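[1] Sequence plus predicted model, see below.
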Amino acid sequence: MYQAVPALSQLQQALGGSFVSTRRSTLAAIRRNYPHSQTAKLSRLLPQYSAGLQVLKQSSLIVTGSPNNALLKTLPAKKIMVFHGTYAPFSVEEAHAMAHFDQLCVIGWRMMEVVTQAGLAHKATYTGYLPFLENPQKNAAARTKFLTSLGLDPAKKTVLYLPAGRPIGSWDFLAEKLVRELSNEFNLILRPHPSHAVTARLKDTLGFFKLQQLIKKRGNAYLDLTAQKLAYLFAHGDVVVSDATSPAEESLYYDLPQVFVETPKYSQGHAQQVLINKNIAATHIKKVMQIYGCGLALSIEKDNINKVIDAALAGSNTFFEARQAYFNYVFGARDFNAQHALIASLRQYA
């Protein structure tokens, strides 16, 4: 899946090797955003004749974001698991399903708790969050250059809308509504989930076309179908509107104010029930749900979009300590010592 690429790309750039995927759309997106990367397709129907399988068979080291035991157990290489997204709803059972890996690249202390409970601490390496290696420094000149390149006004605050994928994501409820109702005092960047944008169906493509027409009328808005690296959106945005999933947590690297969307399909109550249904411990659920204490709620049915976003920006300092504490719990320190240590150890092995 393309959402695993920002983590894997950091290792691929440092170590070499090829991206292997069953999805043509993922490989096309990799070539667009990481043009110097080698790629190979793994055929679902006739894998034995595909270039992707030959690459995997010849590898001494496979680093993947997919716990595909059926395929991986047939390959002799050392196998390492990285994680796409931040894995907030991560259960002990899901950790057990990764026991076939030689090494688990643990994002932070929240994940380490679960891996330890699963009895896999001996396979865990604290690596920090690998996509953070791609995060640029914030500065006014870079912001102006980036926003101008998207046709946006650097003098205006920039709202990032980063929904979850289907079936829980708020895109169908909020994307068009934001374009129509968000004040023109703001820039607006809409980025659907990669599973929606990269592997778009005909219905999705038609929806994106309609949205582009509305964006042209509005001005100061940009639809990002993964043409931009997410790290650069975070670095140059001012407030995040999300479904309280991975992008919200990742954006805390830059301490961005948060707005959490509540829809009939997914809300704080739904999020808690998902964790309960996965048999996650009550103490762990309580910690995970603290993400909602890092910002304001936006009810699709009740709230005025502009008032909530204005309040999130004006009251950013109110949630500063909550954002910092949650970031530390999920990721740990904002330094790259662990990431560079992983790269050094893998380079030595490879």
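    Looks like it arrived, so ask away. Residues are numbered from 1 along each chain as shown.

[2] Buried residues, whichever helix or strand residue 286 is part of. List them.
    Under the criterion DSSP states H and E, the helix or strand holding residue 286 is helix 282-288. Neighbour counts using 16 or more other Cβ atoms under 10 Å place 284-285, 287-288 of helix 282-288 among the buried residues. All C-beta atoms are positioned from the backbone trio N, CA, C, and that covers glycine.

[3] Do you have the helices of the stretch 151-300 of the chain handy? List them.
    Secondary structure of the stretch 151-300 of the chain by DSSP state H, counting those that start in this stretch: the helices cover 171-181, 194-197, 202-218, 230-236, 246-251, 268-277, 282-288.

[4] so which of the ones you listed gets nearest residue 111?
    Closest approach to residue 111 among the helices of the stretch 151-300 of the chain is made by helix 282-288 (10.8 Å; Cβ to Cβ).

[5] Could you list every helix and strand in contact with the closest one?
    helix 109-117, helix 268-277 (3 or more Cβ pairs under 8 Å, 6 or more residues apart in numbering; DSSP states H and E).

[6] show me what contacts residue 29?
    Taking Cβ atoms under 8 Å, 6 or more residues apart in numbering as the contact definition, residue 29 lies against 2, 5, 194, 198, 226.

[7] Out of the helices of the stretch 151-300 of the chain, which is closest to residue 76?
    Residue 76 lies closest to helix 194-197 among these, at 30.9 Å (Cβ to Cβ).

[8] which helices and strands does that closest one pack with?
    Using 3+ Cβ pairs under 8 Å, 6+ apart as the contact test, the elements touching helix 194-197 are helix 202-218.

[9] The helix it packs on: which residues count as buried?
    Of the residues in helix 202-218, 204, 207-208, 211, 215 count as buried by neighbour count, 16+ other Cβ under 10 Å.

[10] Same question for stretch 155-165.
    Judged by neighbour count using 16+ other Cβ under 10 Å, the buried positions of stretch 155-165 are 156-165.

[11] I figured residue 177 hits residue 303, correct?
    No. Under the contact definition of Cβ atoms under 8 Å, residue 177 does not touch residue 303, with a separation of 11.2 Å.

[12] which one of the buried residues of helix 282-288 sits closest to residue 17?
    Closest approach between these and residue 17, by Cβ to Cβ: residue 288, at 33.8 Å.

[13] my read: that closest one touches residue 113, true?
    No. Under the criterion of Cβ under 8 Å, residue 288 makes no contact with residue 113, lying 10.6 Å away.

[14] residue ranges for the strands of the chain, please.
    Shown for the chain, the strands assigned by DSSP state E span residues 18-21, 38-41, 61-64, 78-81, 103-106, 124-126, 157-162, 186-190, 221-223, 239-242, 258-262, 295-299.

[15] Geometric centre of this protein: which residue is closest?
    residue 85 (4.3 Å; Cα atoms, centre = their mean).

[16] check contacts around the nearest residue to that one once chain neighbours are set aside.
    Nearest-residue entry for residue 85: residue 246, 3.7 Å, with adjacent residues in sequence omitted and distances by Cβ to Cβ, 6 or more residues apart in numbering. The neighbourhood of residue 246, defined by Cβ under 8 Å, 6+ apart, consists of 85-88.

[17] Also residue 334?
    When contacts are counted by Cβ under 8 Å, 6+ apart, residue 334 touches 132, 253, 327.
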